[in-house]
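Q: Quick one: sequence plus predicted model below, questions after.
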Amino acid sequence: MRRILVADDDADILDVLRFVLAQEGYEVLTTMDGLEAERIALQEAPNLIIIDAVMPGKSGWRVCESLKSSPGMGHIPIIILSGWSQTKDIERGKEVGADDVVVKPFDIEDLVRRVKALEERSTGGSREQG
Amino acid sequence: MPERGVLIVAAENDRYLRGLGDHLRDAGVATVFAQDGEMAFIKAQSMKPDLMVTDILIPKLNGLELCNRIKGSPETRGVKVLISSMLMARERCLEAGADAFLPRTASRAQLARAVFGMLGLDVERDVIQDKLQKLMKLRKVIRAMTSLSDPAFMLKEVIKQVAEILDASGCAVLVKRGADILELGPSVGVDKEMVEDFTGNISDGIARIANRLWGAGSLASGSGTAAESGSRVATGATEAAQWETLISAPLIEGNDRLIGILVAVASGAGCEMGAEDEEVISALADLLTIAIRISRLQERIGVDAFNRDSLCSEEPQGSNGYQGYKDVITSLYDTVVKQMTDGIIVCDATGRIIQANRAAQRLLGLDAASMSKFTLDAPEIGLTTLDGKSPPHDEFPVNISLRTCRRVTGKEFSLKRWGIIIELSTFPLKTEECRVVGVVAVLRDITQRWELEKMKTNFVSVASHELRTPLTSIRAYVQLMLAGRMGQVDEKWRGALEVVSRNVERMTNIINDILDVARVGEGRLPLNKTEIDLADVAFMAVLEMGTLAANKNINIETQIPHGVIGEWDRQRLHQVFANLLDNAIKFTPPGGKIYVRVRAEGGAVHVEVQDTGRGINPSELTRIFEPFYQAGVGGGAGEPDDRGARGVGLGLAICKGIIEGHGGRIWAESYEGKGTTFHFTLPLREGDPKDINPGDGAGDLDRVK
């Protein structure tokens, strides 16, 4: 089963994402801490990561940056959830190598579509690698 | 000394004769008043005064009848009678037995002298007393002139004293501006309308004054020039009902330069000045001339104090009398500048510092000896942009003022030496032909204000961030429910959920707006500029808002040519169009029309969004671009006609921020009842200053080496 790691320090957001992604047939791993998110990612190598930009432990930006430069991790798509402004955060997302930046309060159906598209593209890519 | 004294017959409002009474009492003469002829006769019988002074027009018995009765009665035959009247009735008064007649045009001093004479008192002593009093009053005028530093206030005070000396109910200086215009200058007790006839064209004004003084026609044959006919002190009674006495005197500078006219009027009863007091009036006019000179000097010094050479050289030779004033004022001014907490710096035409006050020297670590080596943007001075870079030469306020001959205000720089933020404003020093000879720079430490603003923006930003988190899960769950992902939703539930959903969208928009407006206020609205065709943006917005318009049966007509290309932020300009259209739809009644026009002209593109709503009150047209301002709330013209008006009054403020961030301009035009047109412009090519500010190049021609 394909696995998605969701990291956000707001339990309600975590819940709603877990619900809808499970409904879409994913196994959902969750955490509310940035450092923990990085550890789970390295250990479990999920098919996709959704991470909040502002997290206790380590910010989503920095988690993204370090995962993208870790061996064997660079191909995992990362979506960053941002609570600030579109223009600036999209810039910053590019800098840290994020695959997408979604501004809160997001359109959840739109987010699901983005998740599916990114996950399918990368799974295809990793199969070629393997 | 007379035991019996003087009986004065005067109406309650007769200031002239009542004033005489005060004067007599001051001189130790017993004085009694009567208000009508009958009472006067009774009092005359009982007190047997030495002298009775009366007007002709008094109640019950007139002055002539009263005089007849006094002279005809054995008890009162010995009472001397002096008649003072506006009526020119000397003969009839003498026939009635009066001992003397004085017209009201006589000054109060003349009247007093006549009375003292008839009482057999020492007239000369009183005359001296009178002159002394006048001198004391003149001293007050001079004191006002020399002790008050605010020019307008000083003139007001001087004219007040002059009016008091002249015993005038109104006093004004008609100031000569330019070659041939008389303007109402400082005045007291005179309203504009009263002297309206005299202002305007100088020779007309003087002719009218002369008419009032000597009667119509007396100047008709006069061939004198304006200055000549104005250069006479004159007093006279006028037949006009407005006032009874008018005094005029020319204000003459040097030997023959007319700079204005002093006009004094007395309504009701007489003015103290008679024709013989010409010297006093002339002296007052001279004092006023000096007062005006001082005030003009003070007004000018604002700029010129920094350049004492030009101050002195500009004065025509021969006015050395004022040099003393100048020196005093200039040195006072220097002291003020020295002590100010704001830094003040004077740069020469090349931008080099030539003077710095104490605060500026302290701020910039300069001493008087070293400062002339530097320009204000030199690295040694230490001013940097807020992000720590050295200020770009061409954009530095001093250089802009030198180049364009314009002031630059409120530019912020950081000063590492003290870890503070400096607000820098610059003002060009120019000669009359607008030749820039230097720049005054004002430096103000605004660290505290800056930090407060930063805190405020930070707060808004954090608050809007914190509000997004709870909205996220609300929005997500509502969406999932509406999509049927959480089980079947019946009609009633769906309706309720849609309301929740719509209001979540509204809240999201408001939060975005608040964040935007905070950034606009801070001047850091991020713009993501790419090359786009404005037509695409405009059409997209019209398309989106089309449904909203169609629901109200409003037709949107467009004139939008393709190919208007520029470097703009697509999303932000879309926001502007959407906002303006949303407003237009909101304020247009059903069945109305909205026009969107785009056209390129010169270096800019001009956009109009016109509605056929009720229009906006003209007084609100600029205020509507202020944050949180809502047109019509303060009793204005239009109120949004749907309850779902989403705005908190931020939309137009954001539009303004976006357009100005692009180097454009936005404004509104409205005719009440006929609708409103919003205009904005965008420069077509970024970075070409001629497109943004067409006037900017002009200063270059006048630049001094």
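A: Perfect, I can see it now.
Q: Would you enumerate the residues in contact with the nearest residue to B:R407 once chain neighbours are set aside?
A: If the residues on either side of it in the chain are set aside, B:R407 comes closest to B:F427, at 4.8 Å by Cβ to Cβ, 6 or more residues apart in numbering or on different chains. Using the backbone N, CA and C atoms, a C-beta is placed for each residue, glycine as well. Listed by Cβ atoms under 8 Å, 6 or more residues apart in numbering or on different chains, the contact partners of B:F427 are B:S401, B:R407, B:V439, B:V440, B:A441, B:V442.
Q: B:F427 and B:V346: what is the separation?
A: 10 Å (Cβ to Cβ, to the nearest Å).
Q: Overlap in contacts, the two.
A: Residues touching both B:F427 and B:V346 (Cβ under 8 Å, 6+ apart) are B:V439, B:V440, B:A441.
Q: Among those residues, which one sits closest to A:T123?
A: Checking the shared contacts of B:F427 and B:V346 against A:T123 with Cβ to Cβ, the nearest one is B:A441 at 64.2 Å.
Q: tell me which residues in whichever strand or helix holds the closest one are buried?
A: With secondary structure defined by DSSP states H and E, B:A441 is part of strand B:436-445. Across strand B:436-445, burial judged by 16 or more other Cβ atoms under 10 Å in any protein chain shown covers B:V436, B:G438, B:V439, B:V440, B:A441, B:V442, B:L443, B:R444, B:D445.
Q: Rounded mean pLDDT for stretch B:388-404, please.
A: Averaging pLDDT along stretch B:388-404 gives 88.
Q: buried set for it?
A: With burial defined by 16+ other Cβ under 10 Å, the residues of stretch B:388-404 counted as buried are B:P391, B:F396, B:P397, B:V398, B:N399, B:I400, B:S401, B:L402, B:R403, B:T404.
Q: In CSV, list those residues along with distance to chain A and secondary structure.
A: As requested, those are exported to CSV (distance: Cβ to the nearest Cβ, whole Å; DSSP: H, G, I helix; E, B strand; the rest coil):
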residue, distance to chain A, secondary structure
B:P391, 25, coil
B:F396, 28, coil
B:P397, 28, helix
B:V398, 33, helix
B:N399, 31, helix
B:I400, 29, helix
B:S401, 34, helix
B:L402, 36, helix
B:R403, 33, helix
B:T404, 32, helix
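Q: I'd like those written out as JSON lines, with distance to B:G5 added.
A: Formatted as JSON lines, the entries for the buried residues of stretch B:388-404 read as follows, by distance: Cβ to Cβ, whole Å:
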{"residue": "B:P391", "distance to B:G5": "85"}
{"residue": "B:F396", "distance to B:G5": "82"}
{"residue": "B:P397", "distance to B:G5": "77"}
{"residue": "B:V398", "distance to B:G5": "78"}
{"residue": "B:N399", "distance to B:G5": "82"}
{"residue": "B:I400", "distance to B:G5": "79"}
{"residue": "B:S401", "distance to B:G5": "75"}
{"residue": "B:L402", "distance to B:G5": "78"}
{"residue": "B:R403", "distance to B:G5": "81"}
{"residue": "B:T404", "distance to B:G5": "78"}
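Q: ok, which pair from those residues is furthest apart?
A: By the measure Cβ to Cβ, these have their two most distant members at B:P391 and B:T404, which lie 16.8 Å apart.
Q: tell me the contacts of the residue positioned nearest the centre of chain B?
A: In chain B, the residue lying closest to the centroid (Cα atoms, centre = their mean) is B:A152, at 12.2 Å. Contact analysis of B:A152 by Cβ under 8 Å, 6+ apart lists B:P186, B:S295.
Q: Quick one: mean pLDDT for the top helix by length along chain A?
A: Counting by DSSP state H, the longest helix found in chain A is helix A:108-129. Here the mean pLDDT over helix A:108-129 is 79, rounded to a whole number.
Q: and the nearest residue to A:L81 once chain neighbours are set aside, backbone torsions?
A: Counting by Cβ to Cβ, 6+ apart, A:L81 lies nearest to A:D52, which is 4.8 Å off, once chain neighbours are set aside. For A:D52, the backbone dihedrals are phi -70, psi 140 (criterion: degrees, to the nearest 10).
Q: my guess is A:D52 meets A:G60, correct?
A: Yes - with contacts defined as Cβ atoms under 8 Å, A:D52 counts as touching A:G60 at a distance of 5.3 Å.
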